[in-house]
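Novice: sequence and predicted structure are below.
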Amino acid sequence: MSSLIVSLLLASSAATAAAPLQLMAARSSDLVPSRLQATTPARSAIADLDRQPVSMSWAIDAKQALDARPVPFTRQSREYWSDASADQLQQGFALSTSANGALIRLSPHAGNAQVIDASTLLFRANGRLYTASDAVRSAADQDALRAAGMDVPSGSVVVKLADTLGSGRIELIAPGAAGSYLVHVFEPASKIVMSLRAERDTVLSGEPLRIVTTIEGASLDRVDGLLSAPDGFSQDVSFVRQRDGSYQALVRPDPAHAGGFGLWEIHAFGNAANRTFAVPRDARTAFAVSVASARLSGTIQRPAGLARDSALRLSIGVEAATASRYQLAGTLYGSRSDGSLAPLAVAHSAAWLEAGTAAITLSFDQQTLGESQLRAPYEIRDLRLINQADMSLVERRERAARID
């Protein structure tokens, strides 16, 4: 009888240790492919990828504040851009400013080699004509701008307007202009600020992404936009006014232009107005578009029979539609004596996967676990699946699994 009881206990223990874990339910903020998208990557994209599996982990400070949920970036703008022809600049190109000390940059468009001398610029404001010596506080040419770390086109010049010019409507006159130019107006002292954000830093191709823009210090009567892909493709974006005065747009990046390196850019622009004047505002922000070439299958296996103080190895299932080298990254949280969780270690693993179902093993080393004051139950957070062919993020989960 006693031998039977021992056998049953051992069998039960082994079954429990070998039982597969499951991913936690996805949250609304998680990036989870609903379907896979098979692609045919260029040979150059995968030819140099290592086929050998690699795994590493390291300890992190338990007091370190981590955010497993990506925080959307908000771009704030006190600036705008306009295209101007030589005729417009020679006759007087109208600009609007809302504060003193605006910075104006003139950059020749491609193919235009004409360099404008800042000292020859004229300005019309307040019913009179100002020369550069009266209207410009300081100026910088392309060499000075590049020395300061700015990547500007050849022939660019920047002037900072003197306070004597004031604000409001200003006409910029460049008698020596030839060809076409990009005019950039930046108002560092302006209280009219346009904000633009994408609600995610990464979206899967074909999936919708919400874009939100707001204005401070004025109101917007309309907002237009443009979505641009790294390959040069672009599409118009329609913003809709909301009850709170903000504008929102739903963009759906075209799968035909997704994949590969580079970020997509959203450009929003409109006229901000208050009781006294109107001033244009432009804002740009970027986000990544990934092709769902793989996803987590949902299963997690932990090898049976490991001691409590041994390495923690988790074999995480991956379903791939396209053969490539995939990377898993995750943060291990452990329990304090009071039951609260704190960060313990980070692990990264990568392996070549053929199309189909396979697994990548995340391994947290024995020394890191043994030296930590944190113990089980553990939790895997910020679990990310990356396609190393283009380093695209194809799945991300804020809270992935609990390990008792």
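Specialist: Looks like it came in fine. Numbering: from 1, shown residues only.
Novice: how close does the residue nearest to R210 when sequence neighbours are not counted get to A321?
Specialist: Excluding its sequence neighbours, the residue lying closest to R210 (Cβ to Cβ, 6 or more residues apart in numbering) is E199, at 4.5 Å. Bear in mind the C-beta positions are built from the backbone N, C-alpha and C, glycine included. Here the criterion is Cβ to Cβ, to the nearest Å. By it, E199 lies 26 Å from A321.
Novice: got it, and Q366?
Specialist: For Q366 relative to A321 (Cβ to Cβ), the value is 35 Å.
Novice: higher neighbour count, those two?
Specialist: It is A321, of Q366 and A321, that has more neighbours when counted by other Cβ atoms under 10 Å, with 18 against 14.
Novice: spatially nearest residue to the more buried one (excluding sequence neighbours)?
Specialist: Once flanking residues are discounted, A321 sits nearest to L36: 3.8 Å by Cβ to Cβ, 6+ apart.
Novice: so that neighbour makes contact with S297?
Specialist: No - at 10.9 Å, L36 and S297 do not qualify as touching, with contact defined as Cβ atoms under 8 Å.
Novice: just to revisit the earlier point, my read is that the residue nearest to R210 contacts E207, right?
Specialist: No - counting by Cβ under 8 Å, E199 does not reach E207; the two are 11.8 Å apart.
Novice: break down the stretch 301-404 of the chain into its helices, ranges please.
Specialist: Ranges of helices in the stretch 301-404 of the chain, per DSSP state H, counting those that start in this stretch, are 366-371.
Novice: below-threshold pLDDT in the chain: ranges please.
Specialist: Filtered on pLDDT under 70, the chain yields the residue ranges 1-19, 40-47, 304-309.
Novice: show me where it has its helices.
Specialist: Secondary structure of the chain (DSSP state H): helices at 2-18, 43-46, 86-91, 132-135, 142-147, 366-371.
Novice: need the overlap of contacts for L36 and S297.
Specialist: Among the neighbours of L36, those also in contact with S297 (Cβ atoms under 8 Å, 6 or more residues apart in numbering) are E319.
Novice: residues contacting the residue nearest to A321?
Specialist: A292, S293, A294, R295, E319, A320, A321.
Novice: R222 too?
Specialist: The neighbours of R222, taking Cβ under 8 Å, 6+ apart as the test, are F239, R241, G270, N271.
Novice: repeat that with 6 Å
Specialist: Residues in contact with R222, defined by Cβ atoms under 6 Å, 6 or more residues apart in numbering, are G270.
Novice: now do it against Y80, distance only.
Specialist: Distance from R222 to Y80, by Cβ to Cβ: 15 Å.
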